[in-house]
Every structure is written in C-alpha cells, then in structure tokens.
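In: coordinates for the following, if possible.
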Amino acid sequence: TFGIENNYGNNPNIEYSKDEGKTWTTLTAYTNVTLANKGDKALLRGDNPQGFSSCDMDYGFIYSSFTMTGKIAASGSVMSLIDGVGTTSVIPNDYCFYGLFKYCDALTQTPELPATTLTKGCYEHMFEFCSALTKASELPALTMADSCYWAMFSGCTNLIAAPQLPSVALACGCYGDMFDRCTSLTEAPALPATNMAVRCYNNMFCECASLKEAPELPATILATECYSGMFSHCISLTTAPQLPATNMAVRCYNNMFLHCISLTETPKLIATVLDTSCYSDMFYGCSSLMNAPELPATTLSPFCYAGMFGECTSLTKAPELPAITLKEYCYYGLFRECSSLTQTPELPATTLAEECYGVMFSGCMSLTEAPELPATELANACYRWMFSKCASLTTAPELPATELVEECYDGMFFECENLNYIKVGVM
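Out: Residues are numbered from 1 along each chain as shown. A predicted model of the protein is given here:
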C-alpha cells in the first residue's frame, strides 16, 4: 500500500492512476491505496507549481510524506509531482521535497531527481530511514544550495553505493549529514571542491561503519565547521586523507575523526594559522592511533587543540608543542585519558592563558615524568586538573611563579598517589 501524510496544514495536489493513466483519482491524506499483486503499479502526478512542501518562519516545516507497506519501487521523475508530467528541471521553492519519503522502509528504489537548479533544503531528509534502499539516485546539479542534500540518505542502513557528487560550488550545509548512519556504505564519492562553505561536509559520513577509505579532500580554503564530524564513528576507517590547507577556520576539523577506532595513521597538519576550536576533538577516541602528527603552530587560538587526542589509548609519545603564545583552553584535555602515554612535550610558554593546560594529561596512567613548566605569569585555572589521576607520576615539575591567580593549581595533581613532593615558587 501507499498513501500520503500531510503535516502542519500542507495539502498538495496529487492524483494516482491504476489503469495506465486512463482515469485519475485524488490521493487524499491518510487514505491507503492497495497494490494487491506483485507487479501492480500506480502512476502519480501533481499540480504544484509553487512547490510540494515548504517552510514557514513561524510554523517551521510544512510538508507531506509518503507512507508505504510491502516493497515498492519508485521510478520516473519526481518533478511530475510539480508539473504533472515531469519535464521541468527547476525546483520551484525552498524545502520543496522535504522529508518526501522519510521513514518509507518499504521503498526499494528512488525516483529520478533530474533538477539542475536546486533550492534551499530542497531534498532535505528526503529518503531518511529508507532502510531498504541499496542504491541512490543520480544527482546532476553542479551548483549547490544551502542545506540542499542535508540528511538526504541519513539512516539508509542498506545503502551500499553513493551517487557521484561532482559539484565544486558548495553552499552552507549542502552535504551535511547526507549519509549519516549509512552503516553499509563501503565507498565514498569523490569530493572535488577546493573552496569550502560553512558546514558543507558536517557529519557527512558519521557512523558509516563499513567505510574503510576516505575520499581525497583537496580543499585549500576552509570555512566554519566545514569538516566537523565528517567521519566521526567510522569504525572501519584505517587511514585519513591529506589535508593541504594552511589557514584554519572556526571548528573546521572539529570531531572529524571522532572515535574512528581503527584509524592508525593521521594526515600531516601543516597549518600555522589557527582558529577557534579548529582541531578540537579531531582524533578523540582513536584508540588504535600510535603516532600523532606534528603541530607546528607557534601562535595558538582559543580551544584550538582541546581534546584533540583524548582517549587515544595507544598513543605513547606526544608531538612537540612549540607554541609560546597561548590562548584560553588551547591545550584543554589534549591528551586526556591517553593511558599509554609515557613521553610529554616541552611546554616553553612563560605567559599562560585561562585554563590553557586544563585537564591536559588527566588520566595518563603510564606517565611517570612531567614536563618542565617555566611559566611565571599565570592565568585563571591555567593548570587546573592538568595531571589529575596520573597514578604513575613520581616527579612533579617545579612551579616557579611567585604571584598566583584564582584556581591556578586547582586539582593539578589530584589522585597522583605516587607523588610526594611539589616545589612551588611561593613556598
């Protein structure tokens, strides 16, 4: 069976025919049409020149979704719901096909999507949770629109092959969450764009558990959150693509490889111009990672390395950290719970920033020696919980500062049960 559900007052014109177009019947909401025998089919058409679904600033998404039972293969152009015949290639409005087949776990084949001119959110959530789909439609558009493919195939757990994505003209959120939770996807499409847009690849392949290889990422101009969470929880991914950009953007690589537990190699990170949270949690939970990339920047940004290697439990040696100009929370939790870490980097900065070293080595159970800490100008909570729960630590660094600030040493050596002596400048 199939039917249509209207949400928030949406009421598109749609008709169906079960006799090859001889007679047509209006498809009314919440009325199921039965296809009794295998091979039975129905033709659908609509007259919706202003769009099939939409979005209202006050009420949110005003949309209609198909409902289905059994096994149903769609064919022909989805644009027949707009012009009745499927000849137009221009989507008439924003969010036109929002959630059109969402939760249709009976759908085994998608209709054609011939549009070459996209609109904001036009295909957003279109096939989300269509668990019977194994193949996606071709997507011929070369210029993206904001959120045009957002979560388009999210939760399609049997999707094996992704469509080609040839566009080099990206838009805000255009591919965000597109294949999120596609747990059977084994190969990612090529992504040729060199100029990123805000959140363009955000969570694009999140939880693609079967994906073993990432596509090349040639972009040299980044944007806010462009790669954020892109491969997070891709538990079969073993290598990461090269990242040639030299100038970072806000949260550009945030969570990019979060909990990629099979990842053994990282890309080189050549950037020397950082931005807020640019690398935060980038490799957090990559428990197979044994070597960290070099981090050459000497001037940091707020939260830039926060949590970057947290819970990398196979990491034994930290990279050099040559920065002398710190910012608030720049190293916060950088090696948190790195239980195999035995070698720490030098920390040459003499002027600190708020919580810059907070939780930096917390839970590093194998660490026996701490780095020297030459800083004489402290900042609020600058060393907070820095070595907490480092149970093997036997020697503490000298703390030469003579003027202290609020919470500067708060919990710094908490539960360091083998440490019995600390020298501070104010003693």
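In: correct me if wrong, but Leu81 is in a strand.
Out: No - assessed with DSSP: H, G, I helix; E, B strand; the rest coil, Leu81 is helix; it does not lie in a strand.
In: count of residues packed around it?
Out: Other residues lying near Leu81 total 23 when counted by other C-beta atoms under 10 Å. Backbone N, C-alpha and C define where each C-beta goes, glycine included.
In: also Pro397?
Out: Pro397 is flanked by 18 other residues according to other C-beta under 10 Å.
In: now swap in Thr395 and tell me
Out: Applying other C-beta under 10 Å, we find 12 residues neighbouring Thr395.
In: what does Ala190 give?
Out: Neighbour count for Ala190, taken as other C-beta under 10 Å: 10.
In: what's the nearest residue to it if we skip its chain neighbours?
Out: In space, and not counting its chain neighbours, Ala190 is closest to Pro215: 5.6 Å by C-beta to C-beta, 6 or more residues apart in numbering.
In: list the contacts of that neighbour.
Out: Contacts for Pro215 (C-beta atoms under 8 Å, 6 or more residues apart in numbering) come out as Ala188, Pro189, Ala190, Leu191, Pro241.
In: and it, what pLDDT?
Out: What the model reports as pLDDT for Pro215 is 97.
In: and the strands in the chain?
Out: 2-6, 14-17, 25-26, 43-46, 54-56, 60-62, 64-68, 72-73, 107-109 (DSSP state E).
In: let's have these in TSV, adding distance to Pro302 and mean pLDDT.
Out: Shown next, in TSV, are those (distance: least, C-beta to C-beta, whole Å; pLDDT from 0 to 100):
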stretch	distance to Pro302	mean pLDDT
strand 2-6	46	97
strand 14-17	52	97
strand 25-26	58	97
strand 43-46	51	98
strand 54-56	34	94
strand 60-62	34	94
strand 64-68	42	97
strand 72-73	51	97
strand 107-109	46	97
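In: pick the most deeply packed of those strands.
Out: strand 64-68 (a mean of 21; mean count of other C-beta atoms under 10 Å).
In: ok, back up a step: report the buried members of the contacts of Pro215.
Out: Taking 16 or more other C-beta atoms under 10 Å as the criterion, what is buried in the contacts of Pro215 is Ala188, Pro189, Leu191, Pro241.
In: any idea how far Ser137 is from the closest residue to the third one other than its chain neighbours?
Out: Put plainly, it is Leu191. Spatially, and ignoring its direct neighbours in sequence, Leu191 is nearest to Pro215 (5.1 Å; C-beta to C-beta, 6+ apart). Computed with C-beta to C-beta, to the nearest Å, the distance linking Pro215 and Ser137 is 19 Å.
In: shaky segments in the stretch 151-300 of the chain?
Out: Of all residues in the stretch 151-300 of the chain, none has pLDDT under 70.
In: circling back: max pairwise distance over the contacts of Pro215: which two?
Out: Pro189 and Pro241 (13.3 Å; C-beta to C-beta).
In: now, which of the contacts of Pro215 sits nearest Met152?
Out: Distances from Met152 to the contacts of Pro215, taken by C-beta to C-beta, are shortest for Pro189, at 12.7 Å.
In: was I right about that closest one contacting Ser167?
Out: No - assessed by C-beta atoms under 8 Å, Pro189 is found out of contact with Ser167, at 10.6 Å.
In: where's the residue nearest to Leu191 relative to Glu225, distance?
Out: Distance of Pro215 to Glu225, given as C-beta to C-beta: 18 Å.
In: same question for Asp58.
Out: Distance from Asp58 to Glu225, counting by C-beta to C-beta: 27 Å.
In: what bridges to Thr67?
Out: Gly3 (DSSP bridges).
In: mind listing what Pro400 touches?
Out: Residues counted as contacts of Pro400 (C-beta under 8 Å, 6+ apart) are Leu373, Pro374, Ala375, Thr376, Gly425.
In: that should have said Leu159, apologies.
Out: Leu159 is in contact with Leu133, Thr134, Lys135, Ala136, Phe153, Phe179, Cys182, Ser184, Leu185, counting by C-beta under 8 Å, 6+ apart.
In: list only buried entries from these.
Out: Buried members of the contacts of Leu159, counted by 16+ other C-beta under 10 Å: Leu133, Ala136, Phe153, Phe179, Cys182, Ser184, Leu185.
In: what's the closest of those residues to Ala115?
Out: Taking C-beta to C-beta as the measure, Ala136 is the one of these closest to Ala115, at 14.8 Å.
In: buried among the contacts of Pro400? Need that as a selection in PyMOL.
Out: Only the buried entries of those go into this PyMOL selection, using 16+ other C-beta under 10 Å:
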select buried, resi 373+375
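In: confidence-wise, which of the contacts of Pro400 comes last?
Out: Among the contacts of Pro400, Gly425 carries the weakest pLDDT, at 66.
In: and the closest residue to Cys260 other than its chain neighbours, what are its phi and psi?
Out: Distances taken as C-beta to C-beta, 6+ apart place Leu237 nearest to Cys260, at 4.9 Å, with adjacent residues excluded. As for Leu237, its main-chain torsions (degrees, to the nearest 10) stand at phi -70, psi 130.
In: quick one: Leu237 from Phe231, how far?
Out: Look at Leu237 and Phe231: by C-beta to C-beta, they are 6 Å apart.
In: then Ala169?
Out: The value you get for Ala169 to Phe231, if C-beta to C-beta is used, is 23 Å.
In: out of those two, which sits in the busier spot?
Out: Phe231 (26 against 13).
In: contacts only, for that one.
Out: Here Phe231 is in contact with Phe205, Cys206, Cys208, Leu211, Ala214, Leu237, Ala240, Met256, Phe257, Cys260 (C-beta under 8 Å, 6+ apart).
In: what's the answer for Leu165, then?
Out: Shown in contact with Leu165 (C-beta under 8 Å, 6+ apart): Leu139, Tyr175, Pro189, Ala190, Leu191.
In: test my guess that the fourth one contacts Ala162.
Out: Put plainly, it is Ala190. No - Ala190 lies out of contact with Ala162 (C-beta under 8 Å); the separation is 10.0 Å.
In: pLDDT below threshold where in the stretch 301-427 of the chain?
Out: Within the stretch 301-427 of the chain, the stretches with pLDDT under 70 are 425-427.
In: what about 50?
Out: Residue ranges of the stretch 301-427 of the chain with pLDDT under 50: 427.
In: if I look at the closest residue to Val273 other than its chain neighbours, how far off is Gly229?
Out: Among residues not flanking Val273 along the chain, Asn247 sits closest, at 4.5 Å (C-beta to C-beta, 6+ apart). Note on Asn247: its distance to Gly229, by C-beta to C-beta, is 21 Å.
In: what do you get for Leu419?
Out: Applying C-beta to C-beta, the value for Leu419 to Gly229 is 38 Å.
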